[in-house]
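Undergrad: Have a look at this prediction, sequence included:
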Amino acid sequence: MKRIVTFIVLLGAFSLTAPQAAEAVKSYRLENGMKVLVKPDHRAPVAVSQVWYKVGSSDEHNGITGISHVLEHMMFKGTKAYPAGRFSDIIAANGGEENAFTGRDYTAYYQFMGSDRLEIAFELEADRMRNLLLPEAEFQKERQVVREERFMRTEDKPEALTYERFNAVAYLNGPYRNPVIGWDEDLEALTVDDLRRWYQTWYAPNNATLVVVGDVDPDAIFALAKKYFGKLKPSEPPVVKPRGEPTQRGERRIRVHAPAKVPYVIVGYPVPSLKTAEQPWEPYALDVLAGILDGGASARLARELVRGQEIAAAASAGYNLTAKYQTLFMLDANPTEEHSIDEVEQALYAQIEKLKREPASEAELQRVKAQVIAAKVYELDSVQQLATQIGALETIGLGWRLMDDYPEKIKAVTAEQVLEVARKYLIDRHRTVAVLVPETVEAQSMKKEPVDES
């Protein structure tokens, strides 16, 4: 989904690498429980090193939303051995790049550098895994940085704001109802003691996976991992209680009033992921269904709504089959100037009904499957993307070997299976709809509430 995927942070529907690439992954485990995955790639003398923690916004409870993301920021603020700023300075001095990202189901840190310099990255990451100082003054500054980031990325972007409010309504109990960056009220109330407890709870070797891809020898990497990470003591992460979503018993609808030039609509239907599906083939059929609707210029939404009827200025669809919990099949659109938001919403439903009436053509299925194979080849060109695929799949609990299975599972999807999941899951009374109602800045400033929802 072209625009919605940008809000989902990093991973949409996977286009995964070739089986022969995945077979070369070497797996190890340290005595303290930390997993180490290594994929050699000798085309260039570089490597990417990533540390993935099994914690993200889906593990947060009300009152501390955004804490995983704030901790990600604080991980660069120093230990006793390497004070604030030294981590990044050392990586840069060795010709490397480094950064981090927080998602719903994980938090990850990475360095991309010459493969002969990886030991430096290991030493630094192992140090901050257990020895972070979390000074109050740095926390106060970074919390404000995150609040400003939230304003720029969400509050000041009407479609992102609409998507955030949409999720809060689409999920009643599910762990994806809160934004990854957190609610501003929770960020304002967050304390450094909250952060310290979160760090001590989740940041441990037995709750982490080290992924290395590049010009390396797997056994040598394991020896380095053992040297630096092997001495760290494990902890006991809390048992995560199931947070299932109750069956939806009627359409939910929200209108978000915000300064904007163009109306916008998002529609979502609750669907299973690979982790939650009772029938293992269903997520692959949903993935193909998303490709039929929105898989390039020849897909149905672009062909029929944008170019054909010229009712939508933009329209897209998407589904994340690798979500850890129950997720949503989503569509979104902006109307053209000649049409209303109601008209474009009804046009999206017409496309859904068409999918439920008649099987997709063989040509459409072959187009989607060909795109998977092409994307699979493309992914081999990036050691960073390959490492991210391995790390995300392992951390979510699907296992990196899914890279072997995915292309063949997609190829096996039939038109009848696509028809079946459309009829089973894309049900009117189960959908959630969010509509962005554009208003001028002047109209907003006259209101008591900055965002009015009805």
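TA: Cool, the structure landed.

Undergrad: ok, now how distant is Lys77 from His69?
TA: To His69, Lys77 is 14 Å away according to Cβ to Cβ, to the nearest Å. Any C-beta I mention is one placed from the backbone N, CA and C, and that applies to glycine too.

Undergrad: So these two - more neighbours on which side?
TA: His69 (26 against 20; other Cβ atoms under 10 Å).

Undergrad: got the contact list for the host helix or strand of that one?
TA: Element membership for His69 (DSSP states H and E) is helix 67-74. Contacts with helix 67-74, where a contact means Cβ atoms under 8 Å, 6 or more residues apart in numbering, come from 55-57, 59-60, 100-102, 107, 109, 132, 134, 138-139, 142-143, 145-146, 180-182, 186-187, 190, 194-195, 198-199, 203.

Undergrad: ok, which stretches of the stretch 51-200 of the chain are strands?
TA: With strands called from DSSP state E, counting those that start in this stretch, the stretch 51-200 of the chain shows them at 97-102, 107-114.

Undergrad: Please identify the deepest-packed of those.
TA: strand 107-114 (a mean of 22; mean count of other Cβ atoms under 10 Å).

Undergrad: Please look at Gln50 and Gln389 and confirm they touch.
TA: No. Taking Cβ atoms under 8 Å as the definition, Gln50 is not a contact partner of Gln389, at 10.8 Å.

Undergrad: What segments of the stretch 251-400 of the chain are strands?
TA: 252-259, 264-271, 312-319, 327-335.

Undergrad: Please identify the most buried of those.
TA: strand 327-335 (a mean of 26).

Undergrad: CA atoms only: put that strand into CSV for me.
TA: Extracted as CSV, the C-alpha positions of strand 327-335 are listed here (Å, rounded to 0.1, in the frame of the first residue of the first chain):
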residue,chain,number,x,y,z
THR,A,327,-3.9,-7.0,11.6
LEU,A,328,-6.0,-5.1,9.0
PHE,A,329,-6.5,-5.3,5.2
MET,A,330,-6.6,-1.6,4.2
LEU,A,331,-7.6,0.6,1.3
ASP,A,332,-7.2,4.4,1.1
ALA,A,333,-7.9,7.1,-1.5
ASN,A,334,-8.2,10.7,-2.3
PRO,A,335,-10.9,11.9,-4.7
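
Undergrad: helices and strands around it, which ones?
TA: In terms of contacts (3 or more Cβ pairs under 8 Å, 6 or more residues apart in numbering; DSSP states H and E), strand 327-335 is packed against strand 264-271, helix 282-293, strand 312-319, helix 341-357.

Undergrad: Could I get these in TSV, plus columns for mean pLDDT?
TA: Putting the helices and strands packed on strand 327-335 into TSV (pLDDT from 0 to 100) gives the following:
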stretch	mean pLDDT
strand 264-271	98
helix 282-293	96
strand 312-319	97
helix 341-357	98
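
Undergrad: what's the closest of these to Ala434?
TA: strand 264-271 (4.7 Å; Cβ to Cβ).

Undergrad: partner residues bridging the closest residue in space to Val46 that isn't next to it in sequence?
TA: Spatial nearest neighbour of Val46, excluding adjacent residues (Cβ to Cβ, 6 or more residues apart in numbering): Gly214 at 5.4 Å. Assessed by DSSP bridges, Gly214 has beta-bridge partners Pro40, Ala47.

Undergrad: quick one: Gly214 from Leu321, how far?
TA: Plainly put, Gly214 is 28 Å away from Leu321 if you go by Cβ to Cβ.

Undergrad: for Arg300, same thing?
TA: Distance, Arg300 to Leu321, by Cβ to Cβ: 20 Å.

Undergrad: So those two - more neighbours on which side?
TA: Neighbour count, other Cβ under 10 Å: between Arg300 and Leu321, Leu321 has more, with 27 against 19.

Undergrad: quick one: the more buried one and Pro283 touch, right?
TA: Yes. Between Leu321 and Pro283 there is a contact under Cβ under 8 Å: 4.0 Å.

Undergrad: which residues do the two both contact?
TA: Joint contacts of Leu321 and Pro283 (Cβ under 8 Å, 6+ apart) are Ser273, Leu274.
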